[in-house]
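Chemist: This is the structure alone, sequence omitted:
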C-alpha cells in the first residue's frame with residue numbers, strides 16, 4: 001500500500017528515490033463543450049453550478065490515478081505531494097516518490 005504525505009515523510013522510515021524527486025504530472029482540461037451545450041439549451045442549466053470546479057476535481061482524480069500507477073511500477077512505498085497548481089486550463093501536480101529504509 002502506498003502512503004501519501006502532504007509534508008515530507010519521516011527520514012527514519014523512508015528514503016527518497018533520487019531519480020523520482022519533483023516529478024510533474026500535467027493535464028489540460030476544457031469546459032468549452034459544457035458551455036456550448038448550455039448556450040444551445042439554457043433551460044437545462046437550472047440548478048447546475050460549479051462545472052469548472054467539478055471538471056478540475058475529475059482531472060485531479062485522473063492525475064492521482066496516474067501517480068498511483070507510476071508508484072506501483074516504481075515499487076514506491078510512499079509519495080509526497082509537493083504542490084497542486086491550476087493555471088488557466090491546465091493542472092500541474094508535483095510529486096516525490098520514497099521507498100522504505102531496509
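Modeler: That came through fine. All values reported here derive from a predicted model rather than from experimental measurement.
Chemist: which stretches of this structure form helices?
Modeler: Along the chain, the segments classed as helices by DSSP state H run 32-40, 51-74.
Chemist: Of these, which is nearest residue 23?
Modeler: Residue 23 sits nearest to helix 51-74 of all the helices of the chain, at 7.9 Å, using Cβ to Cβ. Placement of C-beta: from N, CA and C, glycine included.
Chemist: Please compute how far that closest one lies from its chain's middle.
Modeler: The chain centre lies 4 Å from the centre of helix 51-74; the measure is Cα atoms, centre = their mean, to the nearest Å.
Chemist: Stretch 25-43 now?
Modeler: The gap between where stretch 25-43 is centred and where its chain is centred comes out at 20 Å by Cα atoms, centre = their mean.
Chemist: Would you single out the least confident of the helices of the chain?
Modeler: Among the helices of the chain, helix 32-40 has the lowest mean pLDDT, at a mean of 85.
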